[in-house]
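> Sequence and predicted structure are below.
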Amino acid sequence: MLTLISLLLVAATVPASPPVVAVESGTLSGARDGDVRIFKDIPYAAPPTGELRWRPPAPAQHWRGVRRAAEYGFSCPQKPFPGDSQPIETETNEDCLTLNVWAGPENGKPRPVMVWIHGGGLMNGGSATPATDGRALARQGVVVVTFNYRLGRLGFFAHPALSAESPGAPLGNYGYMDQIAALKWVRANIGAFGGDPHNVTIFGESAGGGSVAMLMTSPLAKGLYDKAIIESGGGRQVPIAIRGASADGGPSMEAIGETFAREAGVKEGDVLASLRALPADKVVGGVNMINNFDRKKSVNWSVDGVLLKADPTTIFMRGEQAKVPLIVGANSDELGSIPMIGALAAHALSQFGEAAPLVKALYQRPGGGEELDRLPGDAGFVEPARYMARRAAEAGGKAWHYSFAYVASADRKKLKGAPHASEIAYVFGNPDAIRGATDADRKMAATVSATWVRFAQTGNPAGQAVDWPAYDPASRPTLVFDEALTVTTNLDGARLDLIEAAYTKGIWSKLAQ
């Protein structure tokens, strides 16, 4: 008996062997956290360096032996900024086209897959943040994937020499090309982790949510996913052209690229060789999502005619987006906490012209006082979300519309509503990524994450915890994620109707840039 007890005690102290998985490029050795298998820093494409800079992502290189995949890899080059709600926690390097996978124990039954696309204005962000750790979702029965994609000028750049080099190929949107490459990798490899390659949900926030809208409207992404979730993804951005004048009368992406090349000191001769030889930090420069406002130099996505035939708003208006089940929504006070909100709100109000007094009246609190600070967020995120829900429903698809209004317990004295990106930790079931998390915060995280998982599993987010009807353009139902979890109809309808009318007239769409 003593011998048996001794053997059991020894077995209990021996760490479990790391999980091993074989993918197309080679064999991976990951890590374990209880019943969750974790694999990080998996190449889904070749490093986009040297001759591969500003080209579509090339296939990942094969490796020999077993590649250690237990730690995050590099984040893509970027200029960080103070106050970023989701700051990167790893070093940056152009060798950043990697992804991470969290999966439960192998049980022979394929699990739904959830692929996260991070935000950051296409300028900042990455897959290595505490809020987007995938183990809590994996424990609920899904396989979770997060990944990096090229950012800033390394990810969104055009130049006449690049266009001449690749006639007829997708141009400019190299970060979007990376996203499509990551989804192709998932289709081809996720089965090795126990995931179902034919039950893939793409979800993202801010620029990640906008990326989901792009994927729903790009012919190159067709068939790579089965469901979609857009969190605060905007959708009213003015499209920029590769060549010629852009929709807002500003310069094309090629013209912006020529300006950058001149200012970077690139001379006549082999312009592409000179551009590709520039250090990554010089290409990034001092531009990030906070200061990317100079229209003559701005970094942005573009309509290239191949990857994007038109901007997502136009595609949704035509009803030509992918007809997959969709969750779409925004937060209750998207931009109300930013320092410049007063000036931004005044500018937004001025764009309404003669209708400005009516708009201002609609932003009066019922009990007195004003909440005009909500106007820029409503214009940039809330109304576009309602628009996409309506257009998806009218095109014959299924959509569910939400408003995330829950404020973390520690922030209720200083915040009037849920700010931009504050839902992410709840979606991933990671309440302890929130400062001073309480039991109420943990309960909300359990509810939101379970709702997203149910949608990934079934294509319908309604369940025992949440009675959530599909969007109907007549009644306009919206699930409000607050302490009470309420479904309301025509939420802030008068306000959003005026904003939609303003967009239709085209009088102030630059606000959504």
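Great, that's in hand.
> Asn199 should be in a strand, yeah?
Yes: Asn199: assigned to a strand according to DSSP: H, G, I helix; E, B strand; the rest coil.
> residues in contact with the closest residue to Gly233 other than its chain neighbours?
Spatial nearest neighbour of Gly233, chain neighbours left out: Gly209 (2.5 Å); criterion: Cβ to Cβ, 6 or more residues apart in numbering. For the C-beta atoms, the positions are set from N, CA and C on the backbone; glycine is no exception. Gly209 makes contact with 117, 119, 229-234, according to Cβ atoms under 8 Å, 6 or more residues apart in numbering.
> Widest-spaced pair of those?
Using Cβ to Cβ, the two most remote members of these are Ile229 and Gly234, lying 14.6 Å apart.
> Which residue of these two possesses the greater neighbour count?
With neighbours defined as other Cβ atoms under 10 Å, Ile229 and Gly234 compare such that Ile229 has more, 28 against 24.
> where does the closest residue to that one other than its chain neighbours land in three-state SS?
Ranked by Cβ to Cβ, 6+ apart and with sequence neighbours excluded, the top spatial neighbour of Ile229 is Phe203, at 3.6 Å. Three-state assignment for Phe203 (three-state DSSP): strand.
> Next one, pLDDT for Phe203 please.
Looking at Phe203, its pLDDT is 98.
> wait, what's in contact with it?
114-117, 212, 228-231, 327, 427, 452.
> Quick one: low-confidence residue ranges for the stretch 1-150 of the chain.
1-15 (pLDDT under 70).
> what about the helices in it?
2-13, 135-138 (DSSP state H, counting those that start in this stretch).
> rewinding a little: just name the closest of the contacts of Phe203 to Trp400, please.
Set against Trp400, the nearest of those by Cβ to Cβ is Ile327 (4.9 Å).
> and the nearest residue to Ala399 once chain neighbours are set aside, how many neighbours?
Once flanking residues are discounted, Ala399 sits nearest to Ala392: 4.0 Å by Cβ to Cβ, 6+ apart. By the criterion of other Cβ under 10 Å, Ala392 has 29 neighbours.
> Isn't Ala392 up against Val328?
Yes: in this structure, Ala392 is within contact of Val328 by Cβ atoms under 8 Å, at 7.4 Å.
> Can you work out which residues contact both of those two?
Ala399.
> Contacts only, for Ile240.
246-247, 250, 252-253, 300-303.
> top of these by neighbour count?
For the contacts of Ile240, the largest number of neighbours (other Cβ under 10 Å) sits with Met253, at 28 neighbours.
> Is the nearest residue to that residue once chain neighbours are set aside within a helix or a strand, and which one?
Sequence neighbours aside, Ala158 is the residue nearest to Met253 in space, at 3.6 Å (criterion: Cβ to Cβ, 6+ apart). Counting by DSSP states H and E, there is no helix or strand that carries Ala158.
> Which parts of the stretch 101-250 of the chain are strands?
Using DSSP state E, counting those that start in this stretch, the strands of the stretch 101-250 of the chain run over 111-117, 143-147, 195-205, 227-231.
> Now render the ones you listed as JSON lines, adding distance to Arg495.
Formatted as JSON lines, the strands of the stretch 101-250 of the chain follow (distance: least, Cβ to Cβ, whole Å):
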{"stretch": "strand 111-117", "distance to Arg495": "29"}
{"stretch": "strand 143-147", "distance to Arg495": "34"}
{"stretch": "strand 195-205", "distance to Arg495": "23"}
{"stretch": "strand 227-231", "distance to Arg495": "20"}
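> Of those, which is nearest Leu220?
Among those, if distance is taken as Cβ to Cβ, the winner is strand 195-205, at 14.0 Å.
> Just confirm Phe74 contacts Leu97, I think it does.
No: with contact defined as Cβ under 8 Å, Phe74 does not reach Leu97; the gap is 9.5 Å.
> which residues do these two both contact?
In contact with both Phe74 and Leu97: Asn148, using Cβ under 8 Å, 6+ apart.
> neighbour-wise, which of these two wins?
Neighbour count, other Cβ under 10 Å: between Phe74 and Leu97, Leu97 has more, with 27 against 20.
> now the nearest residue to the more buried one once chain neighbours are set aside: how far from Met177?
Spatial nearest neighbour of Leu97, chain neighbours left out: Ala45 (4.2 Å); criterion: Cβ to Cβ, 6+ apart. Going from Ala45 to Met177 by Cβ to Cβ, to the nearest Å gives 9 Å.
> again, but for Asn199
24 Å.
> For these two, work out which one has more neighbours and name it.
Ranked by neighbour count (other Cβ under 10 Å), Asn199 and Met177 place Met177 first, with 24 against 21.
> show me the contacts for that one.
Met177 is in contact with 56-57, 170, 307, counting by Cβ under 8 Å, 6+ apart.
> so which of these comes closest to Glu423?
Lowest distance from Glu423 to the contacts of Met177 (Cβ to Cβ) belongs to Leu307, with 28.4 Å.
> measure that closest one to Pro167 for me?
Taking Cβ to Cβ, one finds Leu307 at 15 Å from Pro167.
> Which one of those two is surrounded by more residues?
Per other Cβ under 10 Å, whichever of Leu307 and Pro167 has more neighbours is Leu307, with 24 against 7.
> okay, Gly244: pLDDT?
Gly244 is given a pLDDT of 84.
> And the closest residue to it other than its chain neighbours, its phi and psi?
Excluding the flanking residues, the one nearest Gly244 by Cβ to Cβ, 6+ apart is Ser252, at 5.6 Å. Backbone torsions of Ser252, given as degrees, to the nearest 10, read phi -80, psi 170.
> most centrally placed residue in this protein?
Residue closest to the average C-alpha location in the chain (Cα atoms, centre = their mean): Gly208, at 1.4 Å.
> I figured it was touching Gly233, is that so?
Yes: with contact defined as Cβ under 8 Å, Gly208 counts as touching Gly233 (7.4 Å).
> show me what contacts His62?
His62 neighbours (Cβ under 8 Å, 6+ apart): 25-26.
> Relative to Ala46, how far out is it?
On the measure of Cβ to Cβ, His62 and Ala46 end up 11 Å apart.
> just to revisit the earlier point, contact partners for the residue nearest to Gly244?
Listed by Cβ under 8 Å, 6+ apart, the contact set of Ser252 reads 158, 240-246, 302.
> Now for those: which two are most distant?
The two members of these with the most space between them (Cβ to Cβ) are Ala158 and Ala245, at 14.1 Å.
> So for those two, which residue has more residues nearby?
A direct count of neighbours by other Cβ under 10 Å for Ala158 and Ala245 places Ala158 higher, at 25 against 12.
> Next, give phi and psi for that one.
phi -140, psi 150.
> Contact partners for it?
Counted by Cβ under 8 Å, 6+ apart, Ala158 has contacts 171-172, 242, 252-254, 256-257, 302.
> As a markdown table, these with distance to Phe81 would be great.
Below are these laid out as a markdown table (distance: Cβ to Cβ, whole Å):
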| residue | distance to Phe81 |
| --- | --- |
| Leu171 | 28 |
| Gly172 | 24 |
| Ile242 | 28 |
| Ser252 | 27 |
| Met253 | 23 |
| Glu254 | 28 |
| Ile256 | 21 |
| Gly257 | 23 |
| Ser302 | 24 |
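> which residues sit against the longest helix anywhere in the chain?
Longest helix in the chain by number of residues (criterion: DSSP state H): helix 439-458. Residues from elsewhere that reach helix 439-458, judged by Cβ under 8 Å, 6+ apart: 112-114, 136-137, 140-142, 199, 201, 203, 227, 229, 325, 327, 400, 404, 406, 408-409, 423, 425-432, 434, 460-463, 465-466, 468, 481, 483, 485.
> Just the buried residues of those residues.
Burial by neighbour count, 16 or more other Cβ atoms under 10 Å: within those this picks out 112-114, 136-137, 140, 142, 199, 201, 203, 227, 229, 325, 327, 400, 404, 406, 408-409, 423, 425-431, 434, 461-462, 466, 468, 481, 485.
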